[in-house]
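Asker: Here is a sequence with its predicted model. Questions after.
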Amino acid sequence: MESQNLSHVNASNETVLKYGLERVPWGSRYVIQLLLAIFGIIGNSMVIHLYLNTRKLTVYSTNRFIAALAVADLITSICIIPIPTLSYVPDTPGGSFYCKIVASSFVQWVSIIASIITLTVLSVERYIAIAYPLRYTRIFTAQLSRIMIIIIWLFAFVFNTFVIYVHHVENRECHVYQYHSKEFQAFIGVSVFIIEYLLPVALMLLSNIRSIQILKARAHVTSREAQQKKSDFIMLKARQRIIYMLLVVIIGFVICWSPDQIAFLAFNLRLLPEDYASGRLYKSFVVLAFANSCVNPILYTLVNKNFRKSIKRHLFCTSHKNKTSVKSQFYVFYSQDSSPA
């Protein structure tokens, strides 16, 4: 009888070992991560809600990319909510799926890459609209802009598949970033650094700096004719506002992503120890990078007066008249400088 009880206890302990979950250690990092997730979900949901409930916004390519950016950041914000991890990862198809998809944060990194590329395309789109307005109307049509967004997500998915090959189950644990060779690790490190950081930052900065230069030159000329072409002058000022807003968003991107991208490159070039990817420094840099997905709506609020008014009226208004006012304010924020496409 006693041996049967002992066997039952051992079986129960093994069940807990196999299928138990480790509780989230609610230290400062996880609390900050949860707060960032909450802010990101609320802020990006607000942007998406205002876009979907304002019919005029759906006419403009710029707004589609901003909404797509908010969707990517919303998915990232949901994915960064701290969740319990498996205390034991079985060497089965289910365990392999958990390691390669769940533990590797595959969906989260796909949405992050989509967010980065969408922000880059948005900067280039604004530059083309300002520098080549006639070409812009042919390139950024409604259909093509939707196709671009789909291509962005497909590319983000395909590019991030390398994560599946460097996460695997071994000795009941999920091993992260285990490369087959030094050369492959270096190739991945350099590729990720160029595609996720160096190239986007270069394109975003060049596009926005060049856009600002063009707008300043036009503003100098247009200001002399302000009385004759007041509408052109107002549109020029609106374009300047959205370019400056994008520049602030890009600066936020650089601040949030630089530590993680530089350190990840150094890790893959073997300039950092092998346990870096599971250490506190890496996790802290990743949390800082996560903050970028949550900070964009805050930057919209700080930089743009019309967006602040839209949010305030949306939160506190109840009448149909006020709701219409909210939509018109948001329309001014996103669409005054755009051409229908």
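Answerer: Arrived safely. Residues are numbered from 1 along each chain as shown.
Asker: Quick check: closest non-adjacent residue to Pro259.
Answerer: Once flanking residues are discounted, Pro259 sits nearest to Phe285: 4.6 Å by Cβ to Cβ, 6 or more residues apart in numbering. In this view, the C-beta of every residue, glycine as well, is placed from N, C-alpha and C.
Asker: typed the wrong thing, it's Ile116
Answerer: Pro200 (5.3 Å).
Asker: For the one you found, list the residues it contacts.
Answerer: Taking Cβ atoms under 8 Å, 6 or more residues apart in numbering, we find Pro200 in contact with Ile116, Ile117, Leu119, Thr120.
Asker: Now do stretch 97-110: distance to the chain's middle.
Answerer: Centroid displacement of stretch 97-110 relative to its chain, using Cα atoms, centre = their mean, to the nearest Å, is 16 Å.
Asker: If you could redo that for stretch 182-192, that was the one I meant.
Answerer: That offset, for stretch 182-192, works out to 23 Å (Cα atoms, centre = their mean).
Asker: Could you export that stretch as CSV, CA atoms only?
Answerer: Extracted in CSV, the C-alpha atoms of stretch 182-192 (Å, rounded to 0.1, in the frame of the first residue of the first chain):
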residue,chain,number,x,y,z
LYS,A,182,30.3,30.5,-36.7
GLU,A,183,29.9,31.6,-40.3
PHE,A,184,26.1,31.1,-40.3
GLN,A,185,25.9,33.0,-37.0
ALA,A,186,28.0,35.9,-38.4
PHE,A,187,25.8,35.9,-41.6
ILE,A,188,22.6,36.1,-39.6
GLY,A,189,24.0,38.8,-37.3
VAL,A,190,25.1,41.1,-40.1
SER,A,191,21.9,40.5,-42.1
VAL,A,192,19.7,41.3,-39.2
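Asker: for that stretch, which positions count as buried?
Answerer: Gln185, Ile188, Gly189, Val192 (16 or more other Cβ atoms under 10 Å).
Asker: in the stretch 51-200 of the chain, which spans are strands?
Answerer: Taking DSSP state E, counting those that start in this stretch, the strands of the stretch 51-200 of the chain run over residues 85-86, 168-170, 173-175.
Asker: Compile those strands into TSV and extend it with columns for mean neighbour count.
Answerer: What follows is those, written out as TSV (neighbours: other Cβ atoms under 10 Å):
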stretch	mean neighbour count
strand 85-86	16
strand 168-170	16
strand 173-175	16
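Asker: could the ones you listed go into CSV alongside mean pLDDT?
Answerer: Output for the strands of the stretch 51-200 of the chain, formatted as CSV (pLDDT from 0 to 100):
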stretch, mean pLDDT
strand 85-86, 78
strand 168-170, 78
strand 173-175, 77
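Asker: could these go into a markdown table alongside distance to Arg138?
Answerer: Output for the strands of the stretch 51-200 of the chain, formatted as a markdown table (distance: least, Cβ to Cβ, whole Å):
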| stretch | distance to Arg138 |
| --- | --- |
| strand 85-86 | 50 |
| strand 168-170 | 48 |
| strand 173-175 | 49 |
